[in-house]
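**Student:** fold the stuff below for me.
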Amino acid sequence: MNRQNSIRALADRERIWDTIVIGGGATGLGIAVDAATRGFSTLLFEQEDFAKGTSSRSTKLVHGGVRYLAQGDVGLVLEALKERGLLQRNAPHLVKNEAFVIPCYRWWEKPFYTIGLTLYDLMAGRLGLGKSLPKKRKTTLELIPGLRAEGLRGGVLYHDGQFDDARMAVNLAQTAMDAGGFVMNYARVTGLLKKADGTVDGVRVEDRLTGETHEVRSRTVINATGVFVDSILLMDNPEDRPIVRPSQGIHLVLDRSFLGGTNAVMIPRTDDGRVLFAVPWHDRVIVGTTDTLREHPELEPRALDEEIRFILDTAGRYLTRKPTRENVLSVFAGLRPLAAPKEEGKSTKEISRSHKIIVSPSNLITITGGKWTTYRKMAQDTIDRAIALNLLPPRECMTAHYPIHGYHGPTDFEAPFYFYGSDEPKVRALANERPELAERLHPDYPYTGAEVVWAVREEMAVTVEDVLARRLRMLLLDARAAMAMAPRVAALMATELSRDEHWQQEQVAAFTALADGYLLK
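**Tutor:** You can find the predicted model right below:
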């Protein structure tokens with residue numbers, strides 16, 4: 001996956017592409033994969049790095065949505081459970097079966113949640129991940145050693161999926177290119193091109209690394225920019241009303257010892273009515289999330305003090321060791337693209353998480369809503385809509401059983417390089433060729449120089465942030481350690497990209513300033 005290949009694909013200015021996708025998050029990348037695997041000529045443009053926004057800031061779950069079942073949204077749960085199973089089959093090197101425990105402190109909770117989760121299992125059918133079972137008090141504490149024992153009556157064990165979101169995004173970008181499509185990060189769409197009749201037939205895009213502008217024609221233009229969909233809609237019609245309202249969710253990252261073991265915890269009802277998860281991930285524990293309406297979308301949303309307090313307080317009620325601000329290794333925030341409520345004051349918990357496809361009079365196709373788990377179905381529905389509009393010829397969707405780049409059989413999720421899947425031998429080969437690349441970037445973490453070189457050569461990483469935030473995930477796992485890694489990462493990247501000392505200094509300074517916002521002081 002080389003950026004220069006995508007730039008060369010833009011050289012033929014007379015070419016008319018089948019599909020242009022705006023947005024390089026889960027939804028956009030999924031659409032690019034769907035279109036390319038159907039044989040449509042496909043281009044994807046992302047204004048920043050792939051999954052820079054919401055798609056790298058999730059709770060790292062591939063799940064049916066237990067709380068949506070409680071809300072009665074059976075259709076969404078059925079769809080998500082099916083997609084959960086397909087995603088694990090198509091990307092077994094990234095999606096693992098995670099055991100979750102609901103601790104029960106009141107007499108009615110164990111039978112109540114057992115019944116609900118048994119229904120959850122039945123809805124998953126043959127794509128289920130395991131049977132939900134009630135557990136005695138002693139067993140529950142063995143499953144979650146860090147759980148508060150006082151008042152505990154037992155628990156309920158159930159299964160859902162867990163994954164690395166940004167790594168999945170990179171693999172989807174690679175899958176799209178493997179299938180003949182082209183993707184390009186740091187390529188900002190600055191305008192829509194239209195025919196004389198007012199229908200959209202292309203985009204104007206700026207290469208943010210070179211400043212060069214391209215005009216690219218296409219039969220279909222798809223707006224899949226998440227919380228930023230309104231900015232593209234305004235390019236089409238300046239009088240359009242906003243269709244998305246951002247909702248912020250934050251996560252705190254703690255040492256794995258706060259939970260103990262390998263199992264996750266789900267608190268089904270917190271003070272604000274939301275679900276709280278504590279999930280093991282890359283030898284750490286992610287605790288979240290919140291649900292706070294925000295006025296405007298941001299590329300780098302920041303956690304609010306009240307959100308941080310809420311998660312620390314809530315987690316402290318259930319864990320033997322109450323986490324404090326000093327225990328937080330990193331804090332990150334993401335924005336969900338919720339449909340803008342028609343009624344003022346409507347709670348975000350009442351707004352459907354189902355995806356919506358909107359077709360403008362200009363034939364601009366916009367998709368919004370949804371979640372990581374259902375990205376594939378969202379993509380299928382979007383391309384099917386383009387076909388129904390006669391913008392593309394009829395072709396069957398291929399992605400339900402299409403292996404994602406890196407596909408690998410049985411995976412040892414404790415191995416340091418597991419998330420490379422079938423690419424792992426190639427990454428290790430780099431270290432064998434140059435022994436200095438086998439050295440760790442930080443004494444406390446397994447990541448090596450070979451992975452930095454691989455990220456630049458094969459995963460389109462062009463900044464230190466791309467590597468440490470989304471290719472190696474260090475910014476989310478331990479912001480201080482990520483800062484310490486930055487100079488070495490910049491030096492390795494400079495060699496690969498033919499950059500000078502000044503570039504290295506700028507990159508380290510920019511990343512340090514960014515990472516500082518992931519620390520609690």
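
**Student:** what segments of the stretch 351-500 of the chain are strands?
**Tutor:** 356-359, 365-368, 440-442, 445-448 (DSSP state E, counting those that start in this stretch).

**Student:** show me where pLDDT drops low in the stretch 351-500 of the chain?
**Tutor:** 351-353 (pLDDT under 70).

**Student:** about what we covered before: ok, which of the strands of the stretch 351-500 of the chain comes nearest residue 297?
**Tutor:** strand 365-368 (11.7 Å; C-beta to C-beta). All C-beta atoms are positioned from the backbone trio N, CA, C, and that covers glycine.

**Student:** pairing partners for that closest one, with directions?
**Tutor:** strand 213-223 (parallel), strand 356-359 (antiparallel) (DSSP bridges).

**Student:** of those strands, flag the one that's most buried.
**Tutor:** Among these, strand 213-223 has the highest mean neighbour count (mean count of other C-beta atoms under 10 Å), at a mean of 22.

**Student:** contacting residues around that one?
**Tutor:** 10, 13, 15-23, 28, 31, 43, 190, 192-193, 200-207, 229, 232-233, 363-367, 382, 386, 391-392 (C-beta atoms under 8 Å, 6 or more residues apart in numbering).

**Student:** narrow those residues to those in strands?
**Tutor:** 16-22, 43, 190, 192-193, 200-207, 365-367 (DSSP state E).

**Student:** show the buried residues in the residues you listed.
**Tutor:** Buried subset of the ones in strands among the contacts of strand 213-223 (neighbour count, 16 or more other C-beta atoms under 10 Å): 17-22, 43, 192, 200-203, 205-207, 365-367.

**Student:** need the residues that contact the longest helix belonging to the chain.
**Tutor:** Secondary structure of the chain per DSSP state H: the longest helix is helix 479-497. Helix 479-497 has contacts (C-beta under 8 Å, 6+ apart) with 329-330, 437, 441-442, 444-445, 447, 449, 452-453, 456-457, 461-464, 467-469, 474-475, 499-501, 503-504, 507-508, 511-512, 515-516, 518-519.

**Student:** could I have the buried ones of those as ChimeraX selection syntax?
**Tutor:** To isolate the buried subset of the contacts of helix 479-497 in ChimeraX, counting by 16+ other C-beta under 10 Å, use the following:
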select :329,330,437,441,445,447,449,452,453,456,461,462,463,464,467,468,469,474,475,499,504,507,508,511,512,515,518
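
**Student:** one step back: need the next SSE after the longest helix of the chain, C-terminal direction.
**Tutor:** Next in sequence after helix 479-497, counting helices and strands by DSSP states H and E, comes helix 501-516.

**Student:** what mean pLDDT does that following helix get?
**Tutor:** Across helix 501-516, pLDDT averages out at 98.

**Student:** alpha carbons of it, as CSV, please.
**Tutor:** What follows is helix 501-516, C-alpha atoms only, in CSV (Å, rounded to 0.1, in the frame of the first residue of the first chain):
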residue,chain,number,x,y,z
GLU,A,501,16.9,16.9,10.7
HIS,A,502,14.5,19.8,10.7
TRP,A,503,11.6,17.6,9.7
GLN,A,504,12.4,15.2,12.5
GLN,A,505,12.4,18.0,15.1
GLU,A,506,9.1,19.3,13.8
GLN,A,507,7.5,15.9,13.9
VAL,A,508,8.7,15.2,17.5
ALA,A,509,7.5,18.6,18.6
ALA,A,510,4.1,18.2,17.0
PHE,A,511,3.6,14.7,18.4
THR,A,512,4.7,15.7,21.9
ALA,A,513,2.2,18.6,21.9
LEU,A,514,-0.5,16.2,20.7
ALA,A,515,0.4,13.5,23.2
ASP,A,516,0.4,16.0,26.1
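
**Student:** what is it packed up against?
**Tutor:** helix 464-465, helix 479-497 (3 or more C-beta pairs under 8 Å, 6 or more residues apart in numbering; DSSP states H and E).

**Student:** buried residues in the longest one?
**Tutor:** Taking 16+ other C-beta under 10 Å as the neighbour-count basis, helix 479-497 is seen to contain the buried residues 479, 481-494.

**Student:** report the contact partners of residue 119.
**Tutor:** Residue 119 neighbours (C-beta under 8 Å, 6+ apart): residue 69.
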